[in-house]
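[1] What follows is a predicted structure for the sequence shown.
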Amino acid sequence: MESNNIIDAIIERIIKASEISLSDYKKGTIRGEEDFSSQLIANIKNNINHISLNEKAGWENTILNARILEKHKEEKPIGADILMIFNIDMPGKKIEKGLLIQAKRFDQLNKTTKNEDLAGQCERMLQASSSSFVFIYTTDRIDVHSAQSAFASEATLKMMQTRTFKSFLNDFLHCWIGDIRLNEKAYVSKNLASILFPNNILFTRDASFGFIRTDDAVFTNSKNSVVIEVKKGS
């Protein structure tokens, strides 16, 4: 199977996984944003891994994976709650890359005014990687927004550029977007901040998460900024 055909098959399976997650959300079996993100990832993995032997031919060198970022050690300093990576090694197409994603419920956002918390998360994601996106989901669809668009508009929904979930997946998996630092090493890391912030980073927005100390990094906030100090060799 050619690489483009494999990617198209993966996209269809991810779409199906998203439909299952949205259906569960509509039924009320998925409630919070963390539950939705976790279930979406689980459904994606299940749909991609459980394929017939005939379908699997040619997929051996293709990996799509995703995980939830640990809330205090990773999500709060980075701003994202999902890391998604894609690795393909086939004739004519070889790349390893990933994305940062923050998932939000549409019904919990301001519809006509700015959403300061989301804007702050987008700013932190952009400090980490330009390949950062926001998933805003309803009971029947997932809309995708670039973190740049969300941050520039202070996360005012009517001003944010929107794309369909399928369009986003096409651009990601067909190699138009993605950060090569977000690879398998980042996926298995227990502290993504130590990879994305190799030097001290100063955020200009007020910190909302106070003070956190880990084995690999120290996060402190002052009146108007937050400094992330990552220990060398993490």
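    That came in fine, so what should we check first?
[2] tell me, what residue is most central in the protein?
    The centre of the chain sits closest to residue 101, judged by C-alpha atoms, centre = their mean, with a distance of 2.2 Å.
[3] Now do the contacts for residue 65.
    Neighbour list for residue 65: 45, 84, 85, 187 [criterion: C-beta atoms under 8 Å, 6 or more residues apart in numbering]. (Glycine included, C-beta is placed from N, CA and C.)
[4] In helices, which of the residues you listed appear?
    By the criterion of DSSP state H, membership of the contacts of residue 65 in helices covers 45, 187.
[5] Filter the contacts of residue 65 down to just the buried residues.
    Among the contacts of residue 65, those classed as buried by 16 or more other C-beta atoms under 10 Å are 84, 85, 187.
[6] Dump those residues to a markdown table, plus pLDDT and distance to residue 19.
    Output for the buried ones among the contacts of residue 65, formatted as a markdown table (pLDDT from 0 to 100; distance: C-beta to C-beta, whole Å):
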| residue | pLDDT | distance to residue 19 |
| --- | --- | --- |
| 84 | 95 | 18 |
| 85 | 94 | 22 |
| 187 | 92 | 25 |
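[7] Just name the closest of those residues to residue 154, please.
    Taking C-beta to C-beta as the measure, residue 154 lies nearest residue 84 of the buried ones among the contacts of residue 65, at 25.4 Å.
[8] Next up, the contacts around that closest one.
    If you count contacts by C-beta under 8 Å, 6+ apart, residue 84 has them with 64, 65, 66, 98, 99, 101, 172.
[9] Now do the strands in the chain.
    Under the criterion DSSP state E, the chain contains strands at 62-68, 82-90, 93-105, 132-137, 142-146, 163-164, 201-203, 212-213, 217-221, 226-230.
[10] The first one versus strand 82-90: what angle between them?
    So the one you mean is strand 62-68. Angle of strand 62-68 versus strand 82-90, following axes from the mean of the first three to the mean of the last three C-alpha atoms, to 10 degrees, is 170 degrees.
[11] what does the third one give?
    Counting by the same axes, to 10 degrees, strand 93-105 points 160 degrees away from the direction of strand 82-90.
[12] Return the distance of strand 93-105 from the chain's centre.
    Between the centre of strand 93-105 and the centre of its chain there are 5 Å (C-alpha atoms, centre = their mean, to the nearest Å).
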